[in-house]
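J.: What would the 3D arrangement of this be:
(one chain, ligands or ions: 1)
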Amino acid sequence: MPIPTALSEPFWQGCAEGELRYQHCTQCGAAVFKPQSHCPQCLSERLTWRAGSGIGVVYSFSVVWRPQTPAFEVPYVVAIIELSEGYHMMSNIVDCDASSVHCGMPVEATFTRMPEGMVLPFFKPRCGGPPTGTATAESPEGSPG
Ligand SMILES: [Zn+2]
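T.: Numbers count the residues shown, from 1 in each chain. Okay, the predicted model is just below:
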């Protein structure tokens, strides 16, 4: 299980509330993830938290058949998700057959409370709705600032 730090706590709190949060640089406008103390692009420390759409596409992925520990049920899919806000994050693709996962596949965040009590963000196939990939095209339930 991941261990929240002072830096990442807002992200994990967002997961617990069903929101995929990321940092926004008020200096250059970059979307920042993982949580940082300063913007990797302009080095500004003026980062604020925003609630993201949770919508994106599979950027890259790998199907795992030999897990690091027996606690994992195989096969499972580890993927890099390109979020509509323009940042990437690593997660698992769930709720679908591993063989159906492909690059460019539309996905959306889904939150799962683990037995340990922590809520983790995963991604599942996204059916219907408008095409993704264009940042700021929509802002559902977003409350920036
Ligand atoms: Zn910046």
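
J.: tell me the centre residue of this structure?
T.: Among the residues of the chain, the one closest to the centroid is M89, at 5.0 Å (C-alpha atoms, centre = their mean).

J.: That one: what secondary structure?
T.: What DSSP: H, G, I helix; E, B strand; the rest coil gives for M89 is strand.

J.: ok, it - contacts?
T.: Going by C-beta atoms under 8 Å, 6 or more residues apart in numbering, M89 touches 33-34, 80-81, 83, 121. No exception for glycine: its C-beta is placed from N, CA and C like everyone else's.

J.: For those residues, pick the one with the most neighbours.
T.: I81 (28 neighbours; other C-beta atoms under 10 Å).

J.: per-residue pLDDT, that one?
T.: Per-residue confidence at I81 stands at 98 (pLDDT).

J.: Residues in a beta bridge with the nearest residue in space to it that is not next to it in sequence, which ones?
T.: Closest residue to I81 apart from its sequence neighbours, by C-beta to C-beta, 6 or more residues apart in numbering: G56 at 4.6 Å. In this structure, G56 bridges to L83, V107 when assessed by DSSP bridges.

J.: Please look at G56 and K124 and confirm they touch.
T.: No - taking contacts as C-beta atoms under 8 Å, G56 lies outside contact range of K124: 11.5 Å.

J.: more crowded one of the two?
T.: Taking neighbours as other C-beta under 10 Å, G56 and K124 compare with G56 leading, 29 against 14.

J.: need the contact list for that one.
T.: 81-84, 106-108, 123, 132.

J.: Give the buried residues for stretch 32-50.
T.: By neighbour count on 16 or more other C-beta atoms under 10 Å, the buried set for stretch 32-50 is 32-33, 35, 39, 47, 49-50.

J.: Can you tell me which of these is nearest the ion?
T.: If you rank the buried residues of stretch 32-50 by distance to the ion using C-beta to the ion, C39 comes first, at 3.1 Å.

J.: Let me see the contact set for that closest one.
T.: 25, 27-28, 30, 32, 45-47.

J.: Same list, those, but only the ones touching the ion.
T.: 25, 27-28, 30 (C-beta under 5 Å from the ion).

J.: Lovely, talk soon.
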